[in-house]
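predicted structure and sequence below. I'll ask about it afterward.
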Amino acid sequence: MLKAVIFDMDGLLIDSEVITFKYYQEEFSAYGHDLTKAFYEKLLGTNKAHVLARFTDLTGSETLSQVIMDRVHHKVNNHFIEEGVPLKKGAKELTRFLAKKKIKTGLATSSDRSRVFTIIEKSDVIEKMDIIVCGNEVSRSKPHPDIFQNALNLLGVLPHEALVIEDSENGILAAHSAGIPCINVPDMKEPSQFILDKADFVASSLLEVIDYIKPRLASAV
């Protein structure tokens, strides 16, 4: 029986990855570096420490990479403050559906908690989560399973009683490693066949996830 659904945040609940990538391209270009989409896609779903290390590989300077990260985070936060947090299609509908069915919800995001709080202030979707686990609170980033294992413990459910919804390949790999059924809702990158083999279902949007979950709740409603 399904007892809990665990969400990623960026690119899954909030439509932030395209905005963030645009700002990163601007900042890297200003310092004479080219940030390609392919390079950025490999970082999706990983935590700040991992991203900083990969940016340092690109720039050759951890100090510069940290400056770029700080500037982009500032720009993205200002974007959210001025224009609001853009939710992905179906985010409100899915979270309301789960609340109505009394299914626990959790957020397992690679973002730092300070950033999550900024987003919570602007989003009535994330603030309703029963638990939140952030990237700076686990020792290993996705694709390692640590963040989802922590979420299971906080929710008080077993892996087969939960469902993970992720947009990134690293997130799908992490859920699979944790033994949790997972749904992929692609954002910037279409899933490879390798990822398709790991995911239990690929949805075009969070609205389609509702249709996937409904029959699996039949015995509980």
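Happy to help now that I have it.

would you map the strands across this structure?
4-7, 104-109, 131-134, 162-166, 182-184, 201-202 (DSSP state E).

who does the longest one pair up with?
What it means is strand 104-109. strand 4-7 (parallel), strand 131-134 (parallel) (DSSP bridges).

show me the helices in the chain, by range?
All helices of the chain, identified by DSSP state H, fall at 17-30, 37-41, 48-59, 62-83, 91-100, 113-120, 146-155, 169-177, 193-198, 206-213.

save the strands paired with strand 104-109 as CSV, and put in distance to residue 188, mean pLDDT and mean neighbour count too.
In this view, the C-beta of every residue, glycine as well, is placed from N, C-alpha and C. As requested, these are exported to CSV (distance: least, CB to CB, whole Å; pLDDT from 0 to 100; neighbours: other CB atoms under 10 Å):
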stretch, distance to residue 188, mean pLDDT, mean neighbour count
strand 4-7, 17, 98, 26
strand 131-134, 21, 96, 22
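
and residue 91, which of these is closest to it?
Relative to residue 91, the nearest member of the strands paired with strand 104-109 by CB to CB is strand 4-7, separated by 8.8 Å.

how far is the closest one from where the chain is centred?
A distance of 11 Å separates the centroid of the chain from that of strand 4-7, by CA atoms, centre = their mean, to the nearest Å.

please apply the same query to stretch 83-90.
Centroid separation between stretch 83-90 and its chain, computed with CA atoms, centre = their mean, is 14 Å.

hmm, who's touching it?
Stretch 83-90 is contacted from outside by 11-16, 19, 119, 122-123, 125, 185, 187, 205-210, using CB atoms under 8 Å, 6 or more residues apart in numbering.

can you say which of those are buried?
Neighbour-count burial (16 or more other CB atoms under 10 Å) applied to these gives 11-16, 19, 119, 122-123, 125, 185, 187, 206-210.

quick one: least confident helix or strand in this structure?
Least confident helix or strand of the chain, by mean pLDDT, DSSP states H and E, is helix 113-120 with a mean of 85.

what angle do that one and helix 48-59 make?
Helix 113-120 and helix 48-59 meet at an angle of 100 degrees, taking axes from the mean of the first three to the mean of the last three CA atoms, to 10 degrees as the criterion.

CA atoms of helix 113-120 as PDB?
Taking C-alpha atoms only, helix 113-120 is exported to PDB below (Å, rounded to 0.1, in the frame of the first residue of the first chain):
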ATOM      1  CA  ARG A 113      17.800  24.300   3.500                       C
ATOM      2  CA  SER A 114      18.300  28.100   3.400                       C
ATOM      3  CA  ARG A 115      17.400  28.200  -0.300                       C
ATOM      4  CA  VAL A 116      14.400  25.900   0.400                       C
ATOM      5  CA  PHE A 117      13.100  28.300   3.000                       C
ATOM      6  CA  THR A 118      13.300  31.100   0.500                       C
ATOM      7  CA  ILE A 119      11.200  29.100  -1.900                       C
ATOM      8  CA  ILE A 120       8.800  28.000   0.800                       C
END
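
now that helix against helix 62-83, angle please.
20 degrees.

what helices and strands are in contact with helix 113-120?
Packing partners of helix 113-120 (3 or more CB pairs under 8 Å, 6 or more residues apart in numbering; DSSP states H and E): helix 62-83, strand 131-134.
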